[in-house]
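Undergrad: this one's structure only:
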């Protein structure tokens with residue numbers, strides 16, 4: 001059973017975020033499943049799981065210090081593609097694809113979206 005129903009991050013530029021996440025999350029097999037007008041969009045695989053929203057209170061979106069949203073990747077190649085797509089779509093590198101020594105077979109990459117939200121993709125399958 002999943003622990004979370006979804007994760008949300010804020011944006012100050014919904015159009016830019018839609019382009020970024022369509023490209024980046026597409027590398028992991030997720031697609032945009034709903035648009036909420038100018039309020040945001042939702043991505044998922046077989047159900048909604050990741051929301052990008054304009055803050056409901058009207059204040060600017062800000063980044064959570066110490067927060068990372070990490071996506072499960074089907075294989076290492078999709079992590080490499082996730083990272084490359086993030087950089088090509090205006091994201092920033094936060095950790096190149098490669099092994100992570102804290103767990104057996106852990107392979108990951110980190111990037112920030114155009115709003116500064118920190119993202120990761122992880123695979124725990126052997127190479």
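TA: Arrived safely, thanks for sending. Keep in mind that what you see is a predicted model, and the values were worked out from it rather than measured. Numbering: from 1, shown residues only.
Undergrad: what's the burial count for residue 57?
TA: Here the number of neighbours of residue 57 (other CB atoms under 10 Å) works out to 6. Where C-beta positions appear, they are placed from N, C-alpha and C, glycine not excepted.
Undergrad: for residue 38, grab phi and psi.
TA: The phi/psi pair for residue 38 (degrees, to the nearest 10) reads phi -90, psi 10.
Undergrad: now for it: which residues touch it?
TA: By CB atoms under 8 Å, 6 or more residues apart in numbering, residue 38 lies in contact with 14, 54.
Undergrad: from residue 18, how far off is it?
TA: Residue 38 is 11 Å from residue 18, where distance means CB to CB, to the nearest Å.
Undergrad: what do you get for residue 101?
TA: 35 Å.
Undergrad: could you do residue 41 as well?
TA: The value you get for residue 41 to residue 18, if CB to CB is used, is 5 Å.
Undergrad: who has more neighbours out of these two?
TA: Ranked by neighbour count (other CB under 10 Å), residue 41 and residue 18 place residue 41 first, with 21 against 17.
Undergrad: helix, strand, or coil at that one?
TA: For residue 41, the assignment made with DSSP: H, G, I helix; E, B strand; the rest coil gives strand.
Undergrad: pLDDT score for it?
TA: Predicted confidence (pLDDT) for residue 41: 98.
Undergrad: please enumerate the strands of the chain.
TA: Ranges of strands within the chain are 7-10, 31-35, 40-44, 48-53, 68-72, 92-99, 107-112, 118-123, based on DSSP state E.
Undergrad: same list (the ones you listed) but as TSV, adding distance to residue 79.
TA: TSV is the format used below for the strands of the chain (distance: least, CB to CB, whole Å):
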stretch	distance to residue 79
strand 7-10	18
strand 31-35	18
strand 40-44	17
strand 48-53	17
strand 68-72	9
strand 92-99	5
strand 107-112	5
strand 118-123	5
